[in-house]
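K.L.:
Have a look; sequence and predicted model below, questions after that.
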Amino acid sequence: MAVRSRKGIKAENLAGEIRRQLRDYTDEVKKTVAETAKDVAERAAERLQEESPKRTGKYRKHWTVSTDRSGVIVHQSGKSYRLTHLLEKGHALRHGGRKVGESPAYPHIGDVEKECVNEFVSRIERKIKQ
């Protein structure tokens with residue numbers, strides 16, 4: 001943040017100066033949150049690529065990061081996005097339900113999500129306290 005010289009501030013300008021300082025601080029915090037969110041999301045995509053189940057490798061390599069108006073999103077791109085819930089939670093096989101068998105769950109998203117949320121919060125707190 002910019003620091004004014006030690007000349008002082010007149011009483012009639014105090015409200016404007018406080019408003020300006022708060023605006024600068026808010027802009028700085030927004031920038032910090034956006035940068036941290038992008039960094040943590042990229043790390044989450046990398047971790048998901050490492051920890052996802054590997055059969056052919058297509059599911060693993062399609063973890064990606066996107067940004068939109070609401071923030072940063074880590075998601076599956078390509079046709080394999082439909083598998084995320086089935087792999088995370090497990091499912092009954094297509095022909096015959098329980099008699100034929102079930103496909104086991106391969107939990108890989110929940111753990112990465114929890115760790116990244118904790119990392120995001122701690123990094124934001126650390127940067128804002130500086």
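P.N.:
Now that the structure is in, tell me what you want to look at.
K.L.:
okay, CA-based contacts and neighbour counts for the rest of this
P.N.:
Noted.
K.L.:
quick one, helices of this structure?
P.N.:
Ranges of helices in the chain, per DSSP state H, are 14-51, 58-61, 83-89, 97-100, 109-129.
K.L.:
deepest of those, which one?
P.N.:
Ranked by mean neighbour count, the helices of the chain are led by helix 58-61 with a mean of 18 (mean count of other CA atoms under 10 Å).
K.L.:
rank the helices of the chain by mean pLDDT and give me the bottom one.
P.N.:
Mean pLDDT per stretch puts helix 97-100 lowest among those, at a mean of 57.
K.L.:
residue closest to the middle of the protein?
P.N.:
Nearest to the mean C-alpha position of the chain, by CA atoms, centre = their mean, lies A41 at 4.1 Å.
K.L.:
still on that earlier bit, redo the helices of the chain as TSV? Include distance to T67.
P.N.:
Compiled in TSV, the helices of the chain are given as follows (distance: least, CA to CA, whole Å):
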stretch	distance to T67
helix 14-51	8
helix 58-61	19
helix 83-89	20
helix 97-100	39
helix 109-129	16
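K.L.:
Of the ones you listed, which is nearest D68?
P.N.:
Between D68 and those, the shortest separation by CA to CA is 11.5 Å, and it involves helix 14-51.
K.L.:
Distance of V117 relative to K89?
P.N.:
Counting by CA to CA, to the nearest Å, the gap between V117 and K89 amounts to 20 Å.
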